[in-house]
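# generate coordinates for the sequence data below:
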Amino acid sequence: MPTYKFTAKTQQDLTRIIHYTMEMWGQVQATTYIDGLESRAESLAQTPKIAKPCPNIYAGLRCFPYESHVLYFMEAPHGITIVRVLHEGMNPALHLTGKMHKTLLARSGLDFKCG
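Numbers count the residues shown, from 1 in each chain. The predicted structure follows:
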């Protein structure tokens, strides 16, 4: 059964989302939001092709919205690797390019091809 994995950078994204949501709307909403996000990740692991390709950022990258955020991921042998979870208003090209993400993708066993 395909599964999802988060990169270390994605874990940082999720921590920021949790803290912000707790501060603004409380623990219950933070838990509900993250549970929903993880449910979306499970669905994407099962059917990754429903997500939009993002070849303008790099080859193989896909994105799919969740509430106020967008999950950016790559298909992998285990299912998908979610490389970032960004607010919908953020420019993904600023947060998903460069040496840092090449290194993250290399460590996750995925091929990096600049598109």
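
# which stretches of the protein form strands?
Secondary structure of the chain by DSSP state E: the strands cover 3-6, 52-53, 61-66, 69-76, 79-87.

# and Arg40, which of these is closest to it?
strand 61-66 (4.6 Å; CB to CB). (Glycine included, C-beta is placed from N, CA and C.)

# quick one: the closest one to strand 79-87, angle?
60 degrees (axes from the mean of the first three to the mean of the last three CA atoms, to 10 degrees).

# tell me what angle strand 61-66 forms with strand 69-76.
Going by the same axes, to 10 degrees, strand 61-66 makes 140 degrees with strand 69-76.

# could you dump the strands of the chain to TSV with mean pLDDT, distance to Gln29 and mean neighbour count?
As requested, the strands of the chain are exported to TSV (pLDDT from 0 to 100; distance: least, CB to CB, whole Å; neighbours: other CB atoms under 10 Å):
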stretch	mean pLDDT	distance to Gln29	mean neighbour count
strand 3-6	97	21	18
strand 52-53	96	27	12
strand 61-66	96	14	19
strand 69-76	96	14	22
strand 79-87	96	16	21
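
# many thanks, we can stop here.
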